[in-house]
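Asks: sequence plus predicted model, see below.
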Amino acid sequence: MRRTLSCVLMMTLLLCACGGKEKGGAEQLAARIRAEYLSAAEVHAEAELSAVYGEEVFDFTVDVRWRREGETVLTVTEPEMLSGVTARIREKETLLEYDGAGLSLGMLDPGGLTPVSAMPAMMEQITTGYMARCTWQGEGEQRQLAVLCRDPDAPPQQGVEYMLYFDPGDHALLRGEVSVDGQLRLTAILSGFTMELTKNETGRDENVG
């Protein structure tokens with residue numbers, strides 16, 4: 001078990017460019033968090049989303065249930081007029097359903113990223129994305145690990161970038177920000193975060209959160 005975890009940590013460090021002697025603690029924690037999320041079977045949280053389209057900002061709250069295998073489901077809980085609208089994501093395809101009817105969402109970038117697909121995209125960045133920078137933000141009980149994920153072949157502030165904030169204690173994802181070409185397009189504030197891990201070598205489930 002220790003040898004397997006060590007191999008995972010070594011591989012995750014290769015995908016992480018968080019450097020600098022003074023940032024070693026942040027880099028090591030980011031590697032441990034990645035190893036844990038790689039073992040996640042399911043993540044559940046409530047996310048307050050704020051999507052920016054030009055001069056318009058749309059705020060809504062969704063119940064997020066991400067699954068590594070099977071269907072990821074996001075259900076709108078606020079505002080009340082949209083309550084019950086459900087997005088189901090299968091094999092990187094997104095279908096927003098309401099009473100059996102499909103409904104399109106506006107794109108955040110030319111590649112088809114939407115407020116709904118951005119949530120599983122954050123999970124993908126945590127587990128396999130290129131970590132360009134790992135830093136500490138805040139002090140005391142407000143201290144968080146901030147990880148910037150982006151395309152390693154693109155210049156900074158070009159294309160889609162994800163800034164992810166984690167609780168250094170239980171490693172829960174607290175906040176995510178999506179920027180496109182240097183412009184903030186989506187903010188997600190998460191609460192009630194829980195993670196169900198895959199079965200360990202003893203056959204028992206482990207949980208985080």
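Replies: That came through fine. In this text, all values refer to a predicted model and were calculated from it rather than measured experimentally. Residues are numbered from 1 along each chain as shown.

Asks: how many other residues sit next to the nearest residue to Glu161 once chain neighbours are set aside?
Replies: Excluding its sequence neighbours, the residue lying closest to Glu161 (CB to CB, 6 or more residues apart in numbering) is Arg150, at 4.3 Å. Any C-beta I mention is one placed from the backbone N, CA and C, and that applies to glycine too. Close neighbours of Arg150, defined as other CB atoms under 10 Å, add up to 23.

Asks: quick one: secondary structure of the most centrally placed residue in the chain?
Replies: The centre of the chain sits closest to Met122, judged by CA atoms, centre = their mean, with a distance of 2.8 Å. Under DSSP: H, G, I helix; E, B strand; the rest coil, Met122 falls in the helix class.

Asks: spatially nearest residue to it (excluding sequence neighbours)?
Replies: Excluding its sequence neighbours, the residue lying closest to Met122 (CB to CB, 6+ apart) is Gly176, at 4.7 Å.

Asks: and what of Glu48?
Replies: Ile189 (4.5 Å).

Asks: quick check: neighbours of the helix or strand where the one you found lies in the sheet, parallel or antiparallel?
Replies: Per DSSP states H and E: Ile189 is located in strand 183-197. Take DSSP bridges as the rule and strand 183-197 pairs in its sheet with strand 40-53 (antiparallel), strand 173-180 (antiparallel), strand 207-208 (antiparallel).

Asks: could I get those strands as JSON lines with distance to Phe166, mean neighbour count and mean pLDDT?
Replies: Formatted as JSON lines, those follow (distance: least, CB to CB, whole Å; neighbours: other CB atoms under 10 Å; pLDDT from 0 to 100):
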{"stretch": "strand 40-53", "distance to Phe166": "13", "mean neighbour count": "19", "mean pLDDT": "94"}
{"stretch": "strand 173-180", "distance to Phe166": "6", "mean neighbour count": "21", "mean pLDDT": "96"}
{"stretch": "strand 207-208", "distance to Phe166": "12", "mean neighbour count": "12", "mean pLDDT": "40"}
